[in-house]
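Q: I'd like to go over a predicted model; first the sequence, then the structure.
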Amino acid sequence: MITFLVLFVSMLLLYLLLVAGSGGGDGLLGQLFSYQEIGAAIVLAILTAAIARAMLGKAKNRVMNNPGKLLKAPFMFIVFLFPFFYAMAEANLDVAYRVITGRIRPGIVRIRPKLKTDLGRTMLANSITLTPGTLTVDIDEKSGDLFIHWINVKDTKTDDERIKAVCGSFPAWARRVVE
Amino acid sequence: MDAITIAMIVLIAISAIFVLLGAIGLHRFPDVYTRLHAATKATTFGTIFLAVAVIAHGVYSYTKAGAPDQPAYIVLVAHTIVALIMLLLTNPTGAHAIARAARRSGIEPERAVIDDTREVR
């Protein structure tokens, strides 16, 4: 039931975002949505949620079954965007420097972030890929180890040091947001 | 020129510089993995700035336009936001899929100082 509600709300919001500006009224609120589009949004969101529920229910996903965490996740995600964009800007300048000078030291390293859920792993892998300089190549599905192509390998001794050097505090954030 | 126009020109210039750097990197880097870095991520960062410029333009024009033209700017801003979200979701996934396919089909990373995937296979 919770899966259904989450899907319903997210599909409703997506549809309404796509048809924003369809209303014929006055002012910002009157211009946003027409009644026909709101009706269509509700019908289509119910249909989509009913069909997709069976698929999402199978995934190992604890957030979907825990209302407290579910309400916390979007909020924490928005907070996460700030350190994320800072890291992204910093790393982009670093890669820009490497493009110009050609000083690279590539390699594929293995890190062990110890995340348990699929959603957390996906989020971490995508964050790592979006920050330039690091690119998730593969994942060991059993242990959750990520293989990361790194454009400028730094020498590290322990596992924790290596995680810190590759992706900073992202694993901690992924844990905070979805686990 | 007013302040918002200058701000938009600056944003578009930053975006163009990063996309250009991505293109240069595509030529300079030695193998598929390093080229993916340049081709996918520098351009994502550039496109974010471009999208922010479009959103700024949309919001500013909305406040200036007459009532019949206003819905067009709402559509512009809303669709740019959707495009930005989709880009941030699909871009790393696509890069990851290409890299994974390349590694599994046996392409070695060139000039690599370390390769942990070798012990696994």
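A: Alright, I've got the coordinates.

Q: Without its sequence neighbours, what residue ends up closest to the residue most central in space within chain B?
A: Most central residue of chain B, judged by C-alpha distance to the mean C-alpha position with Cα atoms, centre = their mean, is residue B:44 at 1.4 Å. Spatially, and ignoring its direct neighbours in sequence, residue B:44 is nearest to residue B:91 (5.0 Å; Cβ to Cβ, 6 or more residues apart in numbering or on different chains). (C-beta placed from N, C-alpha, C; glycine too.)

Q: ok now do the one you found, which residues does it touch?
A: A:129-130, B:40-41, B:44 (Cβ atoms under 8 Å, 6 or more residues apart in numbering or on different chains).

Q: helix/strand/coil for it?
A: Counting by DSSP: H, G, I helix; E, B strand; the rest coil, the backbone at residue B:91 sits in helix.

Q: Please apply the same query to residue B:111.
A: At residue B:111, secondary structure determined by three-state DSSP is coil.

Q: coming back round to it: tell me the backbone dihedrals of the residue nearest to the centre of chain B, please.
A: Taking degrees, to the nearest 10, you get phi -60, psi -50 for the backbone angles of residue B:44.

Q: And residue A:110, by the same measure?
A: Main-chain torsions, residue A:110, degrees, to the nearest 10: phi -110, psi 130.

Q: if I read this right, it contacts residue A:166, doesn't it?
A: No: with contacts defined as Cβ atoms under 8 Å, residue A:110 does not count as touching residue A:166, sitting 10.1 Å away.

Q: Check which helix or strand residue B:88 maps to.
A: Per DSSP states H and E: residue B:88 is located in helix B:70-104.

Q: can you pull the contacts of residue B:17?
A: Applying Cβ under 8 Å, 6+ apart, we find residue B:17 in contact with residue B:46.

Q: For it, give me the pLDDT.
A: For residue B:17, the model assigns a pLDDT of 90.

Q: any idea how far the host helix or strand of it is from the chain center?
A: With elements taken from DSSP H and E, the one containing residue B:17 is helix B:3-28. Taking Cα atoms, centre = their mean, to the nearest Å, one finds helix B:3-28 lying 11 Å from the centre of the chain it belongs to.

Q: Could you point out the helix or strand that follows it?
A: Tracing the chain C-terminally past helix B:3-28 and defining elements by DSSP H and E, one meets helix B:32-36 next.

Q: Residues contacting that following helix, please?
A: By Cβ under 8 Å, 6+ apart, the surrounding residues in contact with helix B:32-36 are A:104, A:106, A:108, A:135, A:137, A:149, A:151, B:25-26, B:29, B:95, B:98-99, B:102, B:107, B:109-110.

Q: Show me how to select, in PyMOL, the buried members of the residues you listed.
A: Listed next is the PyMOL selection for buried residues among the contacts of helix B:32-36, using 16 or more other Cβ atoms under 10 Å in any protein chain shown:
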select buried, (chain A and resi 104+106+108+135+137+149+151) or (chain B and resi 25+26+29+95+98+99+102+109)
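
Q: which stretches of chain B have low pLDDT?
A: Flagging of chain B using pLDDT under 70 yields the residue ranges B:117-121.

Q: how about the nearest residue to residue B:60, chain neighbours excluded?
A: Distances taken as Cβ to Cβ, 6+ apart put residue B:4 closest to residue B:60, at 4.9 Å, once the chain neighbours are dropped.

Q: Kindly provide the distance from the one you found to residue A:91.
A: When Cβ to Cβ, to the nearest Å is applied, the distance between residue B:4 and residue A:91 equals 29 Å.

Q: now residue A:81
A: Applying Cβ to Cβ, the value for residue A:81 to residue A:91 is 15 Å.

Q: For the two, indicate the residue with more neighbours.
A: Each of residue A:81 and residue A:91 has its neighbours counted (other Cβ atoms under 10 Å in any protein chain shown); residue A:91 has more, 19 against 10.

Q: May I have the phi/psi pair for the more buried one?
A: Dihedral angles (degrees, to the nearest 10) for residue A:91: phi -70, psi -30.

Q: same check, this time on residue A:104
A: Geometry field for residue A:104 lists phi and psi as phi -120, psi 160, criterion degrees, to the nearest 10.

Q: which residues does it contact?
A: Under the criterion of Cβ under 8 Å, 6+ apart, the contact list for residue A:104 reads A:98, A:151-152, B:29, B:34, B:111.
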